[in-house]
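A.B. asks: Provided below for reference: sequence and predicted model.
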Amino acid sequence: MSRRLDFSARGAAGEALFRWTCASAATLLLAALGGLVVSLAIGGWPAFRKFGLGFLTSTEWNPVTEVYGAAGPIVGTLITAFAALLIALPLAIGISVFLVEFCPRRVARPIAVAIELLAGIPSIVYGMWGLFVLAPWFAEHIQLPIIMSAEEGSFVDRWFAGVPNGANIVTASLILAIMILPYMAAVFRELLLTVPPQVREAGYGLGCTPFEVIRHITIPYVGQGMIGVIMLGLGRALGETMAVTFIIGNSHRFPGSVFDSGSTIASTIANEFAEATSDMHSASLVALGFVLFVITFTVLATARGLLARAAR
Amino acid sequence: MRGSSPARARNRRIVNAIFVGGCGVATAIALGALVLILWSLVVQGIGGIDGRIFTLAQPAPGSTGGLSNAIVGSLLMCGLGMLIALIVGVLAGTWLAEYGGRTRYGHIVRFMNDVLLSAPSILVGLFVYELLVEPLGGFSGYAGAVALAFLATPVVTRTTEDILNLQPNTLREAGMALGATRAFVTRRIVWRAAATGLVTAGLLGFARISGETAPLLFTSLGNQFFSADMAAPMASLPTTIFQFALSAYDDWRRLAWVGALLIAVAVLAINIVGRLLARETHRP
């Protein structure tokens, strides 16, 4: 330090000022989240007041008659997010276990880095790929054969009905799964790395196979954190917008079959908000946003709580 | 282990083999899907990259054009957004690491920051619409930048706190022992020691927001002409990709692929640089 140190009263004042500035920045963050909730609640209030609880249960969404019910998008959001989680979870566990336990270290690091990098690719890129590559492939090789083979009126015919263009709930869930997979695998891997080697070796010492060690020792050891990771993945899938908007087909109906088109809360807002003409239409979209916030906040808060406790 | 007959031992070996194989297959599936995505990006996008992409603005359907208005718009909005995020984020992260992190209020701030970190970005778009666009009467580049700042700040805060916590306490004690104030030690010694890490925080934040689409849809909206006026609606790469990909015109779709490739490459590059820098700082 060539600079002269300042021990004067100005130093004390500077200290207070600096400390106060830092504290205000922290408070600003808190205010941002608070402002977000309050503005969504205020903006959506007209819709809640007019439709009451029916806003959550009605499936009619009609800008022409000014009737808005959010059940379609809400159910679409929950279905796609849970389906995505169902697909991504076993894969994420498999990847992280493979990287931590079985893969040679030399290869494990580059793969882990690659997976972490891919977690950062923007969702619009995944969305485009879904729209132009996944959806057409899915329509031709999965949807069409199933529809063609179904007898009229049969179980398959009813449950797999839909326009064979690949834009439906299943493909949306698939693309969501691909998106949350690298993220979940990366966090899982970090959790598994926190397991002390002694604990694992004790299991091997008893003569356990690697599977038994992982099933009965490693995974229970990180149990709480794992639930946290699952819920973080779920939180991501619930709020993901662009990828789903590209590929879900964007119809407000309550989905009637597996291959039906649908919508999620986020995709509905993305599609309609800039073009909403009436006040009630925009208020209903903001109210949808408020519902999404409540759902994701609950999920994320639980996840963070569990992860924080696991880290201790 | 209950009774270890040869049959049971064999069953356990088989279950184990299936499990190990399954883990390998899962990794192969994931890597395969991700390679497939990157491959499509390169195949569809690389042919469209030439000088005109960077010099010409968005074309009318059927004529030649580029993405210059979108690229400039993205850079301006991400730049201003990052500036705000860096100022607020570094200060907030510093408060958490050096001052109030262990207080009750500190725990609340950290928790809310984590929630904000993974809150759906489209809600941030709605919020900034209600906060800035509606009251000020129009979409603008400033509103877009503020929306992006909301998304980058939690990243910067989190990373800053982590990095400052990595700085050895002896560093602080040395400064304090000379009679310097806490603020002086933080600014002149801790920040300086953590400089590379703070740059990493900025890069990670930048990578996080440079591909964000949803929050820009109703804040900066988009602009088909070249414009560097932050007070007016402004184009950005992600919203342009969104518009072009869903259009019915082949040349617009081709540009959308080029844009997607550009964004993916940029995000990957920023992340890699950030990682290299981070490794540099962690080296003792």
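C.D. replies: Nice, I can see it.
A.B. asks: gap between residue A:285 and residue B:45?
C.D. replies: 33 Å (CB to CB, to the nearest Å). Glycine gets a C-beta too; all of them are placed from N, C-alpha and C.
A.B. asks: among the two, which residue is more densely surrounded?
C.D. replies: residue A:285 (25 against 22; other CB atoms under 10 Å in any protein chain shown).
A.B. asks: buried set for the helix or strand harbouring that one?
C.D. replies: Assigning secondary structure by DSSP states H and E places residue A:285 in helix A:279-311. In terms of neighbour count (16 or more other CB atoms under 10 Å in any protein chain shown), helix A:279-311 has its buried residues at A:280-293, A:295-297, A:299-304, A:306-308, A:310.
A.B. asks: again with stretch A:138-155
C.D. replies: Quick answer for stretch A:138-155 (16+ other CB under 10 Å): A:138-139, A:142-143, A:146-147, A:150.
A.B. asks: can you list the residues that contact it?
C.D. replies: With contact meaning CB atoms under 8 Å, 6 or more residues apart in numbering or on different chains, stretch A:138-155 is reached by A:156-157, A:160-162, A:164-166, A:168, A:170-171, A:174, A:259.
A.B. asks: what's the closest of these to residue A:110?
C.D. replies: Taking CB to CB as the measure, residue A:110 sits nearest to residue A:174 out of the contacts of stretch A:138-155, at 26.3 Å.
A.B. asks: avg pLDDT for the stretch of helix or strand the closest one belongs to?
C.D. replies: In the assignment (DSSP H and E), residue A:174 maps to helix A:169-193. Average pLDDT, helix A:169-193: 92.
A.B. asks: mind checking how far residue B:268 is from residue A:54?
C.D. replies: 47 Å.
A.B. asks: how about the helix holding residue A:174, does it reach chain B?
C.D. replies: Yes: judged by CB under 8 Å from any CB of the partner chain, helix A:169-193 comes into contact with chain B through A:178, A:181-182, A:185.
A.B. asks: flag the shaky bits of the stretch 1-150 of chain A, pLDDT-wise.
C.D. replies: Confidence mapping of the stretch 1-150 of chain A against pLDDT under 70 gives the ranges A:1-11.
A.B. asks: between the longest helix anywhere in chain A and helix A:279-311, how many degrees?
C.D. replies: In terms of residue count, the longest helix belonging to chain A (DSSP state H) is helix A:9-51. Following axes from the mean of the first three to the mean of the last three CA atoms, to 10 degrees, one obtains 130 degrees for the angle between helix A:9-51 and helix A:279-311.
A.B. asks: what's the first helix or strand after helix A:9-51?
C.D. replies: Scanning forward in sequence from helix A:9-51 by DSSP H and E, the next helix or strand is helix A:54-57.
A.B. asks: next SSE downstream of that following helix?
C.D. replies: Using DSSP H and E, the helix or strand that follows helix A:54-57 towards the C-terminus is strand A:61-62.
A.B. asks: so the helix holding residue A:174 versus helix A:279-311, what angle?
C.D. replies: 30 degrees.
A.B. asks: next secondary structure after helix A:169-193?
C.D. replies: Downstream of helix A:169-193, the first helix or strand assigned by DSSP H and E is helix A:197-205.
A.B. asks: so which of the buried residues of stretch A:138-155 are in helices?
C.D. replies: A:138, A:146-147.
A.B. asks: which residues does the closest residue to chain B within the stretch 51-200 of chain A contact?
C.D. replies: At 2.3 Å from chain B, residue A:122 is the closest residue in the stretch 51-200 of chain A, using CB to the nearest CB. By CB under 8 Å, 6+ apart, the residues touching residue A:122 are A:242, B:210-213, B:238, B:263-264, B:267.
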